[in-house]
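1. My questions are about this predicted structure, shown below with the sequence.
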Amino acid sequence: MHVPPVLLPRSVNCVDTTVRRGDIYYADLSPVVGSEQGGVRPVLIVQNDTGNRH
């Protein structure tokens, strides 16, 4: 599993990042609704690599 240590501020564009299934990134999940957890949280990429290219 490839785990890139990426912590991107909201203003950074991820166009140059290669996203692969199994990667873990940190994402700002704000704004939240109700009791959802917000803030910067780890996220796991579960989509297949073919879909991640588009």
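-> Cool, got the structure.

2. Now do the end-to-end distance for stretch 26-42.
-> Distance between the boundary residues of stretch 26-42 (CA to CA, to the nearest Å) amounts to 4 Å.

3. What mean pLDDT does that stretch get?
-> In this model, stretch 26-42 carries a mean pLDDT of 85.

4. buried ones in it?
-> Using 16 or more other CB atoms under 10 Å as the test for burial, stretch 26-42 gives no buried residues. The C-beta positions use only the backbone N, C-alpha and C, and glycine is treated the same way.

5. In the protein, what residue spans correspond to helices?
-> Counting by DSSP state H, the segments of the chain that form helices are 49-52.

6. which residues of it fall in strands?
-> Assigned strands in the chain, in chain order: 24-28, 40-44 (criterion: DSSP state E).

7. now those strands as TSV including distance to residue 51?
-> Output for these, formatted as TSV (distance: least, CB to CB, whole Å):
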stretch	distance to residue 51
strand 24-28	16
strand 40-44	15
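
8. quick one: which of those strands is nearest residue 34?
-> Closest of the strands of the chain to residue 34 is strand 40-44, at 16.1 Å (criterion: CB to CB).

9. hang on, the earlier thing: which one of the strands of the chain lies closest to residue 18?
-> strand 24-28 (11.6 Å).

10. What helices and strands are in contact with the closest one?
-> The helices and strands touching strand 24-28, judged by 3 or more CB pairs under 8 Å, 6 or more residues apart in numbering; DSSP states H and E, are strand 40-44.

11. Show me what the strand it packs on is in contact with.
-> Outside strand 40-44, the residues that touch it by CB atoms under 8 Å, 6 or more residues apart in numbering are 7, 22-29.

12. go with 6 Å
-> With CB atoms under 6 Å, 6 or more residues apart in numbering as the test, strand 40-44 has contacts from 24-29.

13. just stretch 30-39 next, same as before
-> residue 29.

14. So that it lines up with my notes, have the first residue be 529 from now on.
-> Got it, the first residue is 529 from now on, which makes the last one we talked about stretch 558-567.

15. Using CSV, write down the CA coordinates of it.
-> Only the C-alpha atoms of stretch 558-567 are listed here, as CSV (Å, rounded to 0.1, in the frame of the first residue of the first chain):
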residue,chain,number,x,y,z
SER,A,558,-15.5,21.1,6.4
PRO,A,559,-18.3,22.3,6.3
VAL,A,560,-20.1,19.6,8.3
VAL,A,561,-23.9,19.0,8.7
GLY,A,562,-25.3,18.0,12.1
SER,A,563,-23.0,15.6,14.1
GLU,A,564,-20.6,14.8,11.2
GLN,A,565,-16.9,15.0,12.1
GLY,A,566,-15.2,17.8,10.3
GLY,A,567,-11.7,19.3,10.2
